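Visitor: Build the 3D model from these lines:
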Amino acid sequence: MFQVRIHGRGGQGAVTAAELLSLAAFREGRHAQAFPSFGSERTGAPVTAFCRTDDAPIRAHEPVTRPDALVIQDATLLHQVNVFEGLRPGGTVLINSPRRSEELGLASLTGTVPGAVVLTVPATAIAVRHVGRPVPSAVLLGGLAALTGCVRIGSLTAAIEERFPGALGAANAAAAREAFERVGAERKEPAGAEAD
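Guide: Numbering: from 1, shown residues only. From the prediction side, this is the model:
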């Protein structure tokens, strides 16, 4: 089972990101589930969303406490919420930031997770360029696909275009592809997440 925890703020699309990731996995014939966890429902409040994918039926329904991957939609959460809690050894972390991971002061935070791979992508800037709004969710999913191989980019963009038909879906899909290519180039080898 592959488990993802997404940390964001209300209005950034964390819940939608988890749903899109599960839809992409469904398109690949796998089982998936997505659900959120949040307190006050207001723009800017911390939000956590979860996604699980597996080749077998998923029986677990509790929040993801031992994620294989983390997606951080807002870098201000890094020092406000314990986003790295429970990350599995060798886990992957993708952070929405124009700064490189070394510049974010994460050594003490990630030092407790052996073999963690931490990358950043300027998801907000990419979203604004493609979509015209600061909604980083699709962009970060494209980066996650390249970083982990959890879904193929073709499945992800098809899920995005299904959820958001027309120009909005096409723009978000293009943004996801840009992040996929950018993270893939940075990783040198996109961890089995071949394009189709």
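
Visitor: Shouldn't Ala32 be within a strand?
Guide: Yes - counting by DSSP: H, G, I helix; E, B strand; the rest coil, Ala32 falls inside a strand.

Visitor: mind listing what it touches?
Guide: Shown in contact with Ala32 (CB atoms under 8 Å, 6 or more residues apart in numbering): Leu21, Ser22, Leu23, Ala25, Phe26, Cys51, Arg52, Thr53, Asp54, Ile58. For every residue, glycine as well, the C-beta is placed using N, CA and C.

Visitor: Show the buried residues in those.
Guide: Neighbour counting by 16 or more other CB atoms under 10 Å classes Leu21, Ser22, Leu23, Ala25, Cys51, Arg52, Thr53, Asp54 among the contacts of Ala32 as buried.

Visitor: Between the residues you listed, which sits nearest Ser155?
Guide: Minimum separation from Ser155 among these (CB to CB) is found for Ala25, which lies at 7.5 Å.

Visitor: Okay, and that closest one sits in which element?
Guide: For Ala25, the element it lies in under DSSP states H and E is helix 14-27.

Visitor: so what secondary structure elements neighbour that helix?
Guide: Packing contacts for helix 14-27, counted by 3 or more CB pairs under 8 Å, 6 or more residues apart in numbering; DSSP states H and E, involve strand 2-9, strand 31-38, strand 46-54, helix 137-148, helix 153-163.

Visitor: Spatially, which two of the buried ones among the contacts of Ala32 are the most separated?
Guide: Taking CB to CB, the two most distant members of those are Leu23 and Asp54; they sit 15.1 Å apart.

Visitor: tell me the contacts of the closest residue to Ala75 other than its chain neighbours?
Guide: Nearest residue to Ala75 in three dimensions, chain neighbours excluded: Ser97, at 4.4 Å (CB to CB, 6 or more residues apart in numbering). Taking CB under 8 Å, 6+ apart, we find Ser97 in contact with Ala75, Leu104, Thr120, Val121, Pro122.

Visitor: Please apply the same query to Ile160.
Guide: Contacts of Ile160 were listed using CB under 8 Å, 6+ apart, and they are Leu20, Ala138, Leu141, Gly169, Asn172, Ala173, Ala176.

Visitor: before we move on, back to that, which one of the buried ones among the contacts of Ala32 is nearest to His31?
Guide: Using CB to CB as the measure, the one of those that approaches His31 most closely is Asp54, at 5.2 Å.

Visitor: Run a quick check on Ala179 versus Gly143, I expect a contact.
Guide: Yes - Ala179 is in contact with Gly143 according to CB atoms under 8 Å; the separation is 4.1 Å.

Visitor: Overlap of the contact sets of the two?
Guide: With CB under 8 Å, 6+ apart as the test, Ala179 and Gly143 both reach Val121, Ala123.

Visitor: Distance of the nearest residue in space to Thr112 that is not next to it in sequence relative to Ala17?
Guide: Once flanking residues are discounted, Thr112 sits nearest to Phe84: 7.3 Å by CB to CB, 6+ apart. If you measure Phe84 against Ala17 using CB to CB, to the nearest Å, the figure is 18 Å.
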